[in-house]
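Asks: Return a 3D structure for these sequence lines:
(2 chains)
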Amino acid sequence: MSRSYGRYALLRAAQAVIVILLAYVGTFLVISVLPGDPITNMLRDPQNGLTDDEIQQVVAHYGLDKPVVIQLILSLGRFVTGDLGFSLQSNLPVSQLLGDALPSTLTLAGTALLLSVAIAVVIAYGVQYLPSRWARGVLRSVPSLFLSVPNFVVGLILIEIFAFRLHAFTTIDPDSAAATLFAALTLAIPVSAPLAEVLIANLDHESRQEYALVARSRGLSQARLFARHLVKPSMLPAVAMIALIVGELLGGAVITETIFGRDGLGTVVQKAVTSQDVPVLQAVVSLAAVVFVTVNLLADLVSPLLDPRLDATSRRKATRERDATSERKLEVPA
Amino acid sequence: MTSLTGLVAPTERIRAAGRSAVRVPPTVAIAAVVIVIVLLWSLVPWLFTSYDPSVGDTAEKLTAPSGAHWFGTDHLGRDVFARVVYGTASSVTSALVAVSIGLVVGSVIGLASGFLRGAVDVVLGRVVDVLLAIPSFLLAVVIVSSLGFQTINAAIATGVSAIAIFARLMRAEVLRARGSVFVEASYLQGGNRLHALLGHVLPNTYKSVVALAVLQFGTSILVIASLAFLGYGDPPPASDWGLLVASGKSYATAPWLIYAPALVIVITVLSVNRISTWLRRTQ
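Replies: Sure, this is the predicted structure:
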């Protein structure tokens, strides 16, 4: 595209890299500067039976005897070159641990994303077109109910009803298609709420536009008008929320995977927290930041291409406004 | 004629605004009652139950909800309703701590960014970007794991993970207010920057920030319950709501151990959200 778009893209990419590096530094400081030194605590645990000399060796190996700033620079250098270090718990390379857990979480999060979009579309369609005013009102309050139910409660209720009573799936085989579907549903429900809110608002706006009225006057049925004309423009603003949604999915995976007994990134985090496995925690958080920032960057780079109304000059402003509104919409149920 | 309507309309509008501000929808009234009850549970739990939350009668273990035990009893015969009521203090107080941290730190960052602009805005903007880049629940988990597994630390972690949202809203509100005519007028009358900030910008931002704080109070209850559920809060015999659900899930034959505290969480958060929505709409 134009030169100004290239400049914009480059600037945004540079900004993204800076944010990722800063996120790494921030996490490092949170983990290693705050009170409680997990590594030496673990080494001094009498169960490990290490002598003082051996402890000194390990401490020197990890560079823990050096000042924090030097440790940080060394650690950042390893991160930039793709070296995530070794797990304190299992001694396996962190990259291997994450690589093993990633497919499970991607399946879960991907399914949850699709489900949340489907749920949001159904809710928005119902709120707009259900014949009964009462039913519309009930459906209208569903998103705020979804935002008020803790993830773990949704999961436990689904397990209680569908696994224990109806035997639709078993928790013994958490990777089966049925179990994955219910785990994804658990993750999708809180995520679908803000999506539905945005869709409801946009659908209301779009259906009052002239093109929609013209389509209606040509005799298009409600369902076809909705499917062929209204869904796409109503979904476009939601694309901007995708990064926040991915973040929600990653955060929610910790709880969902624990409840359903899946071996994914969330379980890795949960185990790392329990055993104070610093390199693993550092890696997962950095990975999450990389994912978030990259998705956000892509959304920013793609949305002007999707929506021609955003020209080069208004792009920065639009991005900023989009950030502000999407943020509000994700956090605040209307 | 025109001048007359011009004169009448505003007063009418003001009166109408005054009326609508006083009129409270029934759902908001119910929500307010729920919040008051929950706050009373946290302040004076002994007024609401005669049972001791930590002592049970093992002869009566795992009994279903009844007139004597509204929420049934747990595996040690303890009254679940009493455990929920006594667990409120820690669940609600920690949510308040979390909101206070997010509100104060976030507002200061947003205020400084929006009001001073320039280099301060650039630096603080990146700090906020970083806080936003890490999924808030993951951030809370990492912070609590670094600080140690206690409810107060879970509250601090939840608060820190909310800083960015407050900072963003505050910055946007400050930018909006400082571009407005009354701030310009204040400068023209010789007011200095501090006066404009405290006298004009701040009072015009607080309403939306308060609405966010109320909403964030509900979110914090959920996040802290989730952290407690994972075992990152105070250990038993503490009875934080999330912890109650977590310990209840081992008894498949006694589903009330899960449903009762879960229902309390959902109703509380729904009520908080309802009030937040109402506050935002009546601005």
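Asks: Quick one: the strands in the stretch 1-150 of chain A, in order.
Replies: In the stretch 1-150 of chain A, no strands are defined using DSSP state E, counting those that start in this stretch.
Asks: where in it is pLDDT low?
Replies: Residues of the stretch 1-150 of chain A that meet the criterion pLDDT under 70 lie in A:1-3, A:33-50, A:61-65.
Asks: so where do the helices sit in it?
Replies: A:3-33, A:38-44, A:52-61, A:68-80, A:94-129, A:133-140, A:142-148 (DSSP state H, counting those that start in this stretch).
Asks: hmm, stretch B:65-80 in reach of chain A?
Replies: No - Stretch B:65-80 does not reach chain A (C-beta under 8 Å from any C-beta of the partner chain); its nearest approach is 15.1 Å. Where C-beta positions appear, they are placed from N, C-alpha and C, glycine not excepted.
Asks: Show the end-to-end separation of that stretch, please.
Replies: Distance between the two ends of stretch B:65-80: 9 Å, counting by C-alpha to C-alpha, to the nearest Å.
Asks: buried ones in it?
Replies: B:69, B:71-74, B:77-80 (16 or more other C-beta atoms under 10 Å in any protein chain shown).
Asks: likewise stretch A:18-31?
Replies: In stretch A:18-31, counting by 16+ other C-beta under 10 Å, buried: A:19-28, A:30-31.
Asks: Give me the contacts around it.
Replies: Defining contact as C-beta atoms under 8 Å, 6 or more residues apart in numbering or on different chains, one finds that stretch A:18-31 is touched by A:38, A:68, A:72, A:75-76, A:79-80, A:278, A:281-282, A:285-286, A:289-290, A:293, B:126-127, B:129-131, B:133-134, B:142-143, B:146.
Asks: ok, of the residues you listed, which come out buried?
Replies: By 16+ other C-beta under 10 Å, those give A:38, A:72, A:75, A:79, A:278, A:281-282, A:285-286, A:289-290, A:293, B:127, B:129-131, B:133-134, B:142-143, B:146 as buried.
Asks: Can you tell me how far B:P65 is from B:V28?
Replies: 29 Å (C-beta to C-beta, to the nearest Å).
Asks: Now the stretch 1-150 of chain B against chain A: closest residue?
Replies: B:F137 (3.2 Å; C-beta to the nearest C-beta).
Asks: Which residue, other than its chain neighbours, is closest to that residue?
Replies: A:G251 (3.2 Å; C-beta to C-beta, 6 or more residues apart in numbering or on different chains).
Asks: And what about the one you found, helix, strand or coil?
Replies: helix (DSSP: H, G, I helix; E, B strand; the rest coil).
Asks: Can you tell me the element the residue nearest the centre of chain B falls in?
Replies: Per C-alpha atoms, centre = their mean, the C-alpha nearest to the average position across chain B is that of B:F217, at 0.4 Å. For B:F217, the host element (DSSP states H and E) is helix B:206-229.
Asks: buried residues in that helix?
Replies: Neighbour count says helix B:206-229 has B:208-209, B:211-229 buried, by 16+ other C-beta under 10 Å.
Asks: Which of the buried ones among the contacts of stretch A:18-31 fall within helices?
Replies: Judged by DSSP state H, the buried ones among the contacts of stretch A:18-31 include A:38, A:72, A:75, A:79, A:278, A:281-282, A:285-286, A:289-290, A:293, B:127, B:129-131, B:133, B:142-143, B:146 as members of helices.
Asks: For the closest residue to chain B within chain A, which residues are in contact?
Replies: Residue nearest to chain B within chain A (C-beta to the nearest C-beta): A:G251, separated by 3.2 Å. By C-beta under 8 Å, 6+ apart, A:G251 lies in contact with B:135-138.
Asks: If we use 6 Å, what do you get?
Replies: B:135, B:137-138 (C-beta atoms under 6 Å, 6 or more residues apart in numbering or on different chains).
Asks: Could you look up the SS state of A:I172?
Replies: coil.
Asks: State the distance from it to A:G110.
Replies: From A:I172 to A:G110 the distance is 23 Å (C-beta to C-beta).
Asks: Enumerate the residues of the stretch 1-150 of chain B near chain A.
Replies: B:126, B:129-130, B:133-135, B:137-138, B:141-143, B:145-146, B:148 (C-beta under 6 Å from any C-beta of the partner chain).
Asks: So what would you say the end-to-end distance of stretch B:68-85 is?
Replies: End-to-end distance (C-alpha to C-alpha), stretch B:68-85: 15 Å.
Asks: Appreciated, that's everything.
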